[in-house]
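Asks: Build me a model from this:
(one chain, ligands or ions: 2)
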Amino acid sequence: MSILDIKKLTASVDGKEILHGIDLKINPGEVHAIMGPNGSGKSTLSYVLSGRMGYEITGGDVLLNGESIMELEADERARSGLFLAFQYPVELPGVSGMSFLRASVNSRLRERGEEEVDQLSFVKIVRAESKKLGISDDMLKRAVNVGFSGGEKKRYEILQMALLKPSMAILDETDSGLDVDALKIVSEGVNLLRHPDRSMLVITHYQRLLSHIIPDKVHILSEGRIIKSGDKSLALEVEENGYAGINDAA
Ligand SMILES: Nc1ncnc2c1ncn2[C@@H]1O[C@H](COP(=O)(O)OP(=O)(O)OP(=O)(O)O)[C@@H](O)[C@H]1O
Ligand SMILES: [Mg+2]
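Replies: Ligands and ions are numbered 1, 2, ... in the order given. Below is the predicted model:
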């Protein structure tokens with residue numbers, strides 16, 4: 001059974017149809033990449049999957065671990081194992097990072113019928129994961145994303161993923177704004193989370209990321225449709241020829 005099964009998905013924002021019928025299946029353990037021109041609907045797809053308000057599904061279905069998530073609210077989707085790392089992570093002034101992280105991890109544990117972690121052990125776990133991602137103690141003490149640099153916000157998204165251990169993770173341009181060293185650190189973090197029970201959908205503009213996180217499949221999204229799918233060589237093709245050649249062929 002696929003972890004994520006998107007069937008003929010159409011979706012609108014403000015009454016305007018942006019996704020015109022997306023079919024995409026991701027099997028357990030697989031990492032898929034989505035590339036595509038600006039405005040082709042990549043972030044819209046990630047928002048629609050995560051259940052963000054204002055993104056209306058007008059047709060088709062989305063199954064997560066075999067069950068439709070169409071009727072679930074965003075928080076219910078998150079608890080059932082879907083995780084989205086935002087293209088533009090939001091600042092949460094006044095919300096302590098540590099409490100935020102612990103609350104999200106505990107609600108996921110409750111959902112699975114597992115015991116919640118106490119504060120002391122949680123701090124230890126967070127410290128260990130943060131270290132791997134080059135996140136300072138100082139950042140952990142601050143409010144969520146407030147005053148973080150662009151690259152720090154991206155690392156913080158991966159920290160959340162590492163703690164939440166989702167079954168389906170969507171990473172929307174996690175590489176944008178990262179310096180070369182941070183790109184390596186973040187990619188290594190992502191690779192460590194590759195697991196036979198976990199799938200990932202990586203949205204990116206650059207082959208660069210995909211040479212660190214090697215995808216099983218690459219899909220090209222254009223004007224709300226997947227116009228081509230292939231293996232990792234498709235990303236190289238895009239880098240060399242741009243989208244024009246692929247558009248023509250499609
Ligand atoms: N609230 C909205 N009202 C009208 N159009 C919208 C709205 N939100 C998104 N769109 C349009 O939907 C299209 C897809 O946007 P989306 O952000 O999904 O693109 P993207 O593929 O993620 O692009 P990028 O590579 O620049 O991140 C764009 O044309 C955008 O203008
Ligand atoms: Mg986008």
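Asks: Checking my notes, residue 5 in a helix, right?
Replies: No - Residue 5: not assigned to a helix; according to DSSP: H, G, I helix; E, B strand; the rest coil it is strand.
Asks: which residue sits closest to it in space, ignoring its chain neighbours?
Replies: residue 63 (4.1 Å; Cβ to Cβ, 6 or more residues apart in numbering). Using the backbone N, CA and C atoms, a C-beta is placed for each residue, glycine as well.
Asks: I'd like the distance between that neighbour and residue 26.
Replies: As judged by Cβ to Cβ, to the nearest Å, residue 63 and residue 26 stand 11 Å apart.
Asks: Identify the contacts common to those two.
Replies: Taking Cβ atoms under 8 Å, 6 or more residues apart in numbering as the criterion, residue 63 and residue 26 both touch 2, 4, 5.
Asks: wouldn't residue 94 be in contact with residue 143 here?
Replies: Yes - in this structure residue 94 lies within contact range of residue 143 using Cβ atoms under 8 Å: 5.9 Å.
Asks: Dump the shared contacts of residue 63 and residue 26 into CSV; add pLDDT and distance to ligand 1 as well.
Replies: Output for those, formatted as CSV (pLDDT from 0 to 100; distance: Cβ to the nearest ligand atom, whole Å):
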residue, pLDDT, distance to ligand 1
2, 95, 23
4, 98, 18
5, 98, 21
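Asks: which among those are in contact with ligand 2?
Replies: When contact is defined as Cβ under 5 Å from the ion, the shared contacts of residue 63 and residue 26 do not meet ligand 2 at all.
Asks: Between the residues you listed, which sits nearest ligand 2?
Replies: residue 4 (18.5 Å; Cβ to the ion).
Asks: so where's this protein uncertain?
Replies: In the predicted model, the chain carries pLDDT under 70 at residues 248-250.
Asks: ok, and for stretch 67-77, which residues are buried?
Replies: 69, 72, 74, 77 (16 or more other Cβ atoms under 10 Å).
Asks: Report whether the last one is found in a helix, as I expect.
Replies: Yes - using three-state DSSP, the assignment for residue 77 is a helix.
Asks: dump the residue contacts of the nearest residue to it once chain neighbours are set aside.
Replies: Closest residue to residue 77 apart from its sequence neighbours, by Cβ to Cβ, 6+ apart: residue 51 at 4.9 Å. Taking Cβ under 8 Å, 6+ apart, we find residue 51 in contact with 69, 72, 73, 74, 76, 77.
Asks: mind giving me TSV with those and columns for distance to residue 135?
Replies: What follows is those, written out as TSV (distance: Cβ to Cβ, whole Å):
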residue	distance to residue 135
69	30
72	30
73	29
74	25
76	28
77	26
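Asks: Just give me the closest of the shared contacts of residue 63 and residue 26 to residue 194.
Replies: Checking the shared contacts of residue 63 and residue 26 against residue 194 with Cβ to Cβ, the nearest one is residue 4 at 15.4 Å.
Asks: Please name the spatially closest residue to that closest one (chain neighbours excluded).
Replies: In space, residue 4 is closest to residue 26, 4.4 Å off (Cβ to Cβ, 6+ apart).
Asks: if we can go back for a sec, return the closest of the contacts of residue 51 with respect to residue 154.
Replies: Nearest to residue 154 among the contacts of residue 51 is residue 74, at 20.9 Å by Cβ to Cβ.
Asks: related to what we said a few turns ago, which of residue 94 and residue 143 has more neighbours?
Replies: residue 143 (16 against 7; other Cβ atoms under 10 Å).
Asks: bridging residues for the residue nearest the centre of the chain?
Replies: Nearest residue to the geometric centre of the chain (Cα atoms, centre = their mean): residue 170, 1.9 Å. Following DSSP bridges, residue 170 is listed with bridge partners residue 84, residue 201.
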